[in-house]
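S.K.: below is the structure, and that's it, no one-letter string:
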């Protein structure tokens, strides 16, 4: 069954008694400055992993840094990375969350043990620059079965907002939207850059691209000499991707990839709905490959290997703008999506008016980009520059350092 906002909010309401019990328990359990816990909704990755790694270097052996894993598979992955890992839903995971002075998450309190989080210094790194409206800013995000339950969900979001000690963001432009979506004061928000994006800004571009291609090839197999195209549609609250290609379209995509010696990497959203396996079957030469979260939980580090990104409203377009690649905006449901979910930016401003509604049109743009048609290539490059210059106030690859320094400063001030 596909996850939806309505289902997620219903689950939150059912957990209210456990939240209350957990809150009472945390009053009696002292928190230790020598214990930090980390977690992420995708597993080891996003901004939580680089922050943990830097904390290991800077804090030394005197502070225990624990990764709280949501599944046995994630627990094994974390331990394979050399992390001190514990199951977050276990009694031990609850105890560590209640004892930790600092709690680092990328999605929500559920990244650690949600019932033991109250009273800790909560660092909410989030997992992308907000283009889609979030939480309190979107009626879709607070959807429930009735008015009273919606009010309870909204109150829950506001309560969580009061518990956040630090919310790092990429630029001043998004401070207002994060503040309204999470019910935050300005002093809770730090314009530091996103730790998750440091990997896209450190070292030489050629080195980043080589490392990213090697990482991608290890998972998907050898890459062709031609362009690497990634298709990354956003999540649609349990609905099927409206741009999902039919059989004829998959055949056309595969034929074009053969002609340019390229590959299409389909990165579906972890909560997305849609069967992209037909694309694999349509290409007898292996030009269409699936890169779901089970194969690679964190896609950001391999973005330098992506020459051209095809997406709609996903925040991945901002991350990809930090590479030398270009983007094609394929949005088959602009009016419906803006009405139901809502965007913080006018979509035409984000795309520069270049968005298309069909794969035929997207393939035409991709072909022009690959051929180096200046009429298409130069506006695409200009759009990437605009995204980079507009949504990133720091381009030095040191966001993780700024966040760690600020966490330590605030925790010490609180003590």
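M.R.: Perfect, thanks for sending it. The shown structure was predicted, so the numbers you read here are calculated from the model rather than taken from an experiment. Residues are numbered from 1 along each chain as shown.

S.K.: specify the local secondary structure of residue 230.
M.R.: Going by DSSP: H, G, I helix; E, B strand; the rest coil, the secondary structure assigned to residue 230 is strand.

S.K.: count the residues that sit near it.
M.R.: 25 (other Cβ atoms under 10 Å). Just so you know, the C-beta spots here come from the backbone N, C-alpha and C atoms, and that holds for glycine as well.

S.K.: list the beta-bridge partners for it.
M.R.: Using DSSP bridges, the beta-bridge partners of residue 230 come out as residue 265, residue 309.

S.K.: so where is the stretch 101-250 of the chain shaky, pLDDT-wise?
M.R.: Applying pLDDT under 70 to the stretch 101-250 of the chain flags no residue at all.

S.K.: again, 90 this time
M.R.: 139-150, 152-153, 156, 235-241 (pLDDT under 90).

S.K.: that one: helices as residue ranges?
M.R.: Secondary structure of the stretch 101-250 of the chain (DSSP state H, counting those that start in this stretch): helices at 147-163, 175-182, 205-220, 247-260.

S.K.: out of the ones you listed, deepest packed?
M.R.: When the helices of the stretch 101-250 of the chain are scored by mean count of other Cβ atoms under 10 Å, the highest mean neighbour count falls to helix 175-182 (a mean of 18).

S.K.: show me what it is packed up against.
M.R.: helix 147-163, strand 164-169, strand 189-191 (3 or more Cβ pairs under 8 Å, 6 or more residues apart in numbering; DSSP states H and E).

S.K.: between the second one and helix 147-163, how many degrees?
M.R.: What that stands for is strand 164-169. 90 degrees (axes from the mean of the first three to the mean of the last three Cα atoms, to 10 degrees).

S.K.: got a list of what the residue nearest the centre of the chain touches?
M.R.: Nearest to the geometric centre of the chain sits residue 127, at 3.4 Å (Cα atoms, centre = their mean). Applying Cβ atoms under 8 Å, 6 or more residues apart in numbering, one finds that residue 127 lies in contact with 40-42, 46-47, 106-107, 196, 315.

S.K.: can you rerun that using 10 Å?
M.R.: 40-42, 45-48, 105-107, 111, 194, 196, 298, 300, 315 (Cβ atoms under 10 Å, 6 or more residues apart in numbering).

S.K.: do the same with residue 261
M.R.: Per Cβ under 10 Å, 6+ apart, neighbours of residue 261: 224-227, 285, 287, 370.

S.K.: ditto for residue 282
M.R.: 245, 247-255, 257, 288.

S.K.: got CSV for those, with distance to residue 209 too?
M.R.: Compiled in CSV, the contacts of residue 282 are given as follows (distance: Cβ to Cβ, whole Å):
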residue, distance to residue 209
245, 28
247, 34
248, 34
249, 29
250, 28
251, 30
252, 28
253, 24
254, 25
255, 27
257, 20
288, 22
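
S.K.: could the helices of the stretch 101-250 of the chain go into a markdown table alongside distance to residue 71?
M.R.: Output for these, formatted as a markdown table (distance: least, Cβ to Cβ, whole Å):
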| stretch | distance to residue 71 |
| --- | --- |
| helix 147-163 | 23 |
| helix 175-182 | 26 |
| helix 205-220 | 19 |
| helix 247-260 | 32 |
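
S.K.: nearest to residue 65, of the ones you listed?
M.R.: Residue 65 lies closest to helix 147-163 among the helices of the stretch 101-250 of the chain, at 20.8 Å (Cβ to Cβ).

S.K.: helices or strands up against that closest one?
M.R.: In this structure, helix 147-163 makes packing contacts with helix 5-14, helix 16-28, strand 121-124, helix 175-182, judged by 3 or more Cβ pairs under 10 Å, 6 or more residues apart in numbering; DSSP states H and E.

S.K.: can you give me the helices for the stretch 301-415 of the chain?
M.R.: 316-320, 334-340, 347-351, 359-371, 374-391, 399-414.

S.K.: let me know which of these is tucked in deepest.
M.R.: helix 316-320 (a mean of 25).

S.K.: average pLDDT across that one?
M.R.: Summarised as a single mean, pLDDT over helix 316-320 is 97.

S.K.: re the thing from before, ChimeraX command for the buried members of the contacts of residue 261?
M.R.: Only the buried members of these enter the following ChimeraX selection, criterion being 16 or more other Cβ atoms under 10 Å:
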select :226,227,287,370
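
S.K.: for the contacts of residue 261, which two are the farthest from each other?
M.R.: 285 and 370 (17.1 Å).

S.K.: list the contacts of residue 189.
M.R.: 124, 164, 166-169, 172, 174-176, 178-179, 182.

S.K.: one more time with 8 Å
M.R.: Contacts of residue 189 (Cβ under 8 Å, 6+ apart): 167-169, 175, 178-179.

S.K.: and for residue 332?
M.R.: 242-243, 312, 357-358.

S.K.: can you pick the most crowded of those residues?
M.R.: Result: residue 312 is most packed of those (other Cβ under 10 Å), 24 neighbours.

S.K.: name the nearest residue to that one, ignoring sequence neighbours.
M.R.: Using Cβ to Cβ, 6 or more residues apart in numbering and skipping residues adjacent in sequence, the residue nearest residue 312 is residue 331, 4.3 Å away.

S.K.: residue 175 too?
M.R.: residue 189 (5.3 Å).
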